[in-house]
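A.B. asks: Got a sequence here, can you model it:
(one chain, ligands or ions: 1)
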Amino acid sequence: MEIAIKELTKTFKGRIAVDHLSLTIGQGEFFALLGENGAGKTTTIKLLSCLMKPTSGDAIMLGDSIVENPQAVKKKLNISPQETAVARNLTVKENLEFIAKIYGSDKREAEQKAMGLMDKFGLMDRAKSKGRTLSGGLERRLSIAMAMISEPEIIFLDEPTVGLDVRARLDLWQILLDLKGQITIILTTHYLEEVEALADRIGIMHKGRLHALGTLEELKEQTGQAKLQDIFLQLTAEAEIQ
Ligand SMILES: Nc1ncnc2c1ncn2[C@@H]1O[C@H](COP(=O)(O)OP(=O)(O)OP(=O)(O)O)[C@@H](O)[C@H]1O
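C.D. replies: Numbering: from 1, shown residues only. Below you'll find the predicted structure:
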């Protein structure tokens with residue numbers, strides 16, 4: 001089972017944000033969506049996670065359509081958005097327990113889940129820290145842990161390392177590498193080193209369209225460039241003149 005995106009399109013008052021996007025993402029794949037500001041990455045994530053309805057087209061997410069059956073799709077995925085959903089006045093543990101209860105856990109199970117995720121995400125020693133006292137890196141880690149509470153099969157990470165310092169970014173990469181293969185991960189980012197470190201495959205969007213798709217090696221071959229930064233600049237410049 002996989003994600004099959006078919007001619008997915010979203011317009012806002014006649015302006016096209018996602019333009020007939022077709023793409024297949026395999027189960028367990030770590031897929032990176034790249035593109036300049038306004039390319040349509042966040043809109044694509046919102047469509048695929050059923051936060052927004054497409055103007056036309058569809059996506060089949062592990063067997064269910066985002067148009068026909070968004071409720072079934074929502075059960076399979078979760079999202080760590082650009083603006084994290086961490087409650088500032090709850091502790092790390094309470095944030096996790098709160099989300100677990102929303103998803104139907106009783107007190108005991110919520111605590112178990114919180115402990116398991118704090119362990120996995122290196123948050124145990126900050127269990128009692130309030131959300132508002134966390135560094136950017138820890139807040140982001142907690143946000144992703146909160147998205148994992150529902151045990152999703154697909155997780156969307158929208159620019160997860162924005163504003164993080166080098167060490168916090170590397171720590172988060174390690175956590176994402178540990179998750180790799182266990183769950184389908186769709187990441188948007190502007191950091192090309194992040195893509196090189198993490199992604200199995202890369203899609204480059206430009207003005208709502210998918211302009212290039214492949215592994216890093218395939219994109220290197222396609223463009224004759226050695227560095228992802230040069231590949232990206234070449235492909236987006238090509239897209240501009242097409
Ligand atoms: N709710 C909205 N109403 C109107 N236009 C929107 C809305 N959301 C996005 N857009 C427009 O759709 C286009 C794609 O935006 P989107 O946020 O998906 O891009 P992005 O690739 O995620 O950009 P960034 O890298 O800056 O986050 C932009 O032109 C944006 O202005």
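A.B. asks: chain center to stretch 181-199: distance?
C.D. replies: Put simply, stretch 181-199 sits 8 Å off its chain's centre (CA atoms, centre = their mean, to the nearest Å).
A.B. asks: ends of that stretch, how far apart?
C.D. replies: One end of stretch 181-199 to the other measures 11 Å (CA to CA, to the nearest Å).
A.B. asks: How about the residues of this protein by the ligand?
C.D. replies: Phe12, Ala17, Gly35, Asn37, Gly38, Ala39, Gly40, Lys41, Thr42, Thr43 (CB under 6 Å from any ligand atom). The way it works is simple: take the backbone N, C-alpha and C, and place the C-beta from them, glycine included.
A.B. asks: Tally up the residues packed near Ser105, please.
C.D. replies: 18 (other CB atoms under 10 Å).
A.B. asks: surely it meets Gly116?
C.D. replies: No: with contact defined as CB atoms under 8 Å, Ser105 does not count as touching Gly116 (11.6 Å).
A.B. asks: can you put the residues of the chain next to the ligand in JSON lines and add neighbour count and secondary structure?
C.D. replies: Converted to JSON lines, the residues of the chain next to the ligand look like this (neighbours: other CB atoms under 10 Å; DSSP: H, G, I helix; E, B strand; the rest coil):
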{"residue": "Phe12", "neighbour count": "11", "secondary structure": "strand"}
{"residue": "Ala17", "neighbour count": "21", "secondary structure": "strand"}
{"residue": "Gly35", "neighbour count": "25", "secondary structure": "strand"}
{"residue": "Asn37", "neighbour count": "6", "secondary structure": "coil"}
{"residue": "Gly38", "neighbour count": "13", "secondary structure": "coil"}
{"residue": "Ala39", "neighbour count": "24", "secondary structure": "coil"}
{"residue": "Gly40", "neighbour count": "24", "secondary structure": "coil"}
{"residue": "Lys41", "neighbour count": "26", "secondary structure": "helix"}
{"residue": "Thr42", "neighbour count": "21", "secondary structure": "helix"}
{"residue": "Thr43", "neighbour count": "22", "secondary structure": "helix"}
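A.B. asks: Select, from the residues you listed, the two members most distant in space.
C.D. replies: Phe12 and Gly35 (16.7 Å; CB to CB).
A.B. asks: what ranges do the helices span in this structure?
C.D. replies: For the chain, applying DSSP state H gives helices covering 41-48, 70-76, 92-102, 107-120, 136-148, 166-179, 192-198, 216-223, 228-241.
A.B. asks: Least confident of those helices, on average?
C.D. replies: Mean pLDDT across the helices of the chain is lowest at helix 228-241; the value there is a mean of 83.
A.B. asks: Check which residues of it are buried.
C.D. replies: Leu228, Ile231, Phe232, Gln234, Leu235, Thr236, Ala239 (16 or more other CB atoms under 10 Å).
A.B. asks: Would you confirm that the second one contacts Gln225?
C.D. replies: Yes: with contact defined as CB under 8 Å, Ile231 and Gln225 form a contacting pair (4.6 Å).
A.B. asks: rewinding a little: nearest to the ligand among the buried residues of helix 228-241?
C.D. replies: The ligand has its nearest neighbour among the buried residues of helix 228-241 in Thr236, at 11.7 Å by CB to the nearest ligand atom.
A.B. asks: Relative to Met124, how far out is that closest one?
C.D. replies: 42 Å (CB to CB, to the nearest Å).
A.B. asks: now do Leu219
C.D. replies: For Leu219 relative to Met124 (CB to CB), the value is 39 Å.
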